[in-house]
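Q: Here's a sequence, model it:
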Amino acid sequence: MVLIACTFPDPLGIAFSGSDGHLLTHYFAVTNPTEFTPQQQIAISGYKGLQAFYDAANQSGRVDPVPGRADITGYASAAWSPVVPTSLRYDPLTNPAGARPTLYDHGHNVYGVNPATGFGLRPFDNVGVQYGLQALNAGVIDTAQFLDLNEKIGGYDNDFNYVATRVEGNNKAIKRAQQGGLQLSGGGGLGSIPVFDISGIYNDSGGYHYQWFHFAMRDRMAQANGNTDNHVMWRGSPVPYETAWATFIQWVEAVVADTSDRSQREKVIRNKPPVAVDGCWSSATQFIAERQTFGSSPDTQCNSLFPSFAFPRYVAGGPLAANVIKCQLKPIDSGDYAVTMSPGEVALLRQIFPDGVCDWSKPGVNQTRVVPWASFGPSPRNLVFDITGKLSPEDSD
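A: Residues are numbered from 1 along each chain as shown. Next comes the predicted model:
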């Protein structure tokens, strides 16, 4: 049973949106510092404002192993607990055999290890991603800006240094991240328990606890289970926690008391209390009952009070669920653009994306469901992948 006070899609959701944002902040600050207004930068990022953009981008420090890297204000690379001796920490120059404090390295038993370097394999991939596509189609940026951004956005090497080329994620690491739940799926146990999603505080202006995470999780549950009838969302600043907790306990107790032969999911949906409906709290005592939707337009009472904003891959045309780690590619299609490009611009677009652009209508490469209680060795039970070399049939492709 889950009462969620603050929803992240998963560690990868933070790392991916942060890494995309980090590439964008570098492009705006270093590669092309004069051609984009702050409003255009915000539109490309998807966030509410520059501070929210920077706060999200700085989460990429979780995958940066190099100590002391200088970047935008607030960036911290190679985050270590002070109890870890400096002599044990990775440094590309002075201690290349040291431990690396990255999301991919401390989860290397799931992701796998590059035998040439000993580093954890990376699922991050931005091949085919058209950064700023929605901003282009909305007329916020022009074609020249769109092309320059995508030509020069680049990627990262294994030490998270900026490089000119896009990043190709490791396909098996991508698959195992989903099998092991490092990318949180809407399936598995989430399909058959009460999920009560409440906002701790409205802070889309900064702090990186953004509302789109909540809606991403709801979309993932809908994809995995066909609907989100076992999911309730309350928003507010804050939601009255005692009221939410009492409602949640009432729901759980009703499910436990149901001794029928219905499935667990059916019991959860059937026994949802009448007061457990979507809505938002305009004050500690005033509840507005209405379906919660993602968006920054004042199209509902709750969205007027608590507008929610997006993230770079959503602006690039990606799904709100943010569950496509590596996109399948498609040929460039002029119908995807609300502007008319000159022959020279089309030629440059094809040069930037020689293998095509993201086809967001299709599942991601190696996109798969979570494996409940997966083992990554040494236990042989439900073994998905064993870093010592024993691969299960599920990991054979």
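Q: residue ranges of the helices in the stretch 151-300 of the chain, please?
A: Under the criterion DSSP state H, counting those that start in this stretch, the stretch 151-300 of the chain carries helices at the ranges 171-179, 212-225, 241-257, 264-270.
Q: packing partners for the longest one?
A: Under the contact definition 3 or more Cβ pairs under 8 Å, 6 or more residues apart in numbering; DSSP states H and E, helix 241-257 sits against strand 2-4, strand 195-198, helix 264-270. Glycine gets a C-beta too; all of them are placed from N, C-alpha and C.
Q: Could you rerun that using 7 Å?
A: strand 195-198 (3 or more Cβ pairs under 7 Å, 6 or more residues apart in numbering; DSSP states H and E).
Q: quick one, which of the helices of the stretch 151-300 of the chain is packed in tightest?
A: Mean neighbour counts were compared across the helices of the stretch 151-300 of the chain using mean count of other Cβ atoms under 10 Å; the top stretch is helix 171-179, at a mean of 24.
Q: what mean pLDDT would you report for that one?
A: Averaging pLDDT along helix 171-179 yields 93.
Q: Could you do stretch 323-341 as well?
A: Mean pLDDT, computed over stretch 323-341, is 96.
Q: How about stretch 69-82?
A: Averaging pLDDT along stretch 69-82 gives 93.
Q: Now do it: distance to the chain's middle.
A: 21 Å (Cα atoms, centre = their mean, to the nearest Å).
Q: Endpoint to endpoint, that stretch covers what distance?
A: Between the opening and closing residues of stretch 69-82 we find a distance of 18 Å, counting by Cα to Cα, to the nearest Å.
Q: cool, and stretch 178-190?
A: Criterion Cα to Cα; first-to-last residue distance in stretch 178-190 is 14 Å.
Q: Number of residues surrounding Asp258?
A: 15 (other Cβ atoms under 10 Å).
Q: What values do phi and psi take at it?
A: According to degrees, to the nearest 10, the main-chain angles of Asp258 amount to phi -80, psi 110.
Q: Now do the contacts for it.
A: Contact criterion Cβ atoms under 7 Å, 6 or more residues apart in numbering gives 267, 271 as the residues in contact with Asp258.
Q: Please repeat the previous calculation with a cut-off of 8 Å.
A: By Cβ atoms under 8 Å, 6 or more residues apart in numbering, the residues touching Asp258 are 267, 270-271.
Q: the bottom helix or strand of the protein by mean pLDDT?
A: Each helix and strand of the chain was given a mean pLDDT (mean pLDDT, DSSP states H and E); the minimum falls on strand 2-4 at a mean of 55.
Q: which helices and strands does the strand ranked longest in the chain pack with?
A: As far as residue count goes, and with DSSP state E defining each element, the longest strand of the chain is strand 231-236. Judged by 3+ Cβ pairs under 8 Å, 6+ apart, strand 231-236 is in contact with strand 195-198, helix 212-225, strand 279-281.
Q: what does the longest one rub up against?
A: Residues from elsewhere that reach helix 212-225 (Cβ under 8 Å, 6+ apart): 7-9, 13, 184-187, 190-191, 195, 197, 199, 228, 230-231, 233, 235, 265, 292-294, 308-311, 314, 319-323, 369.
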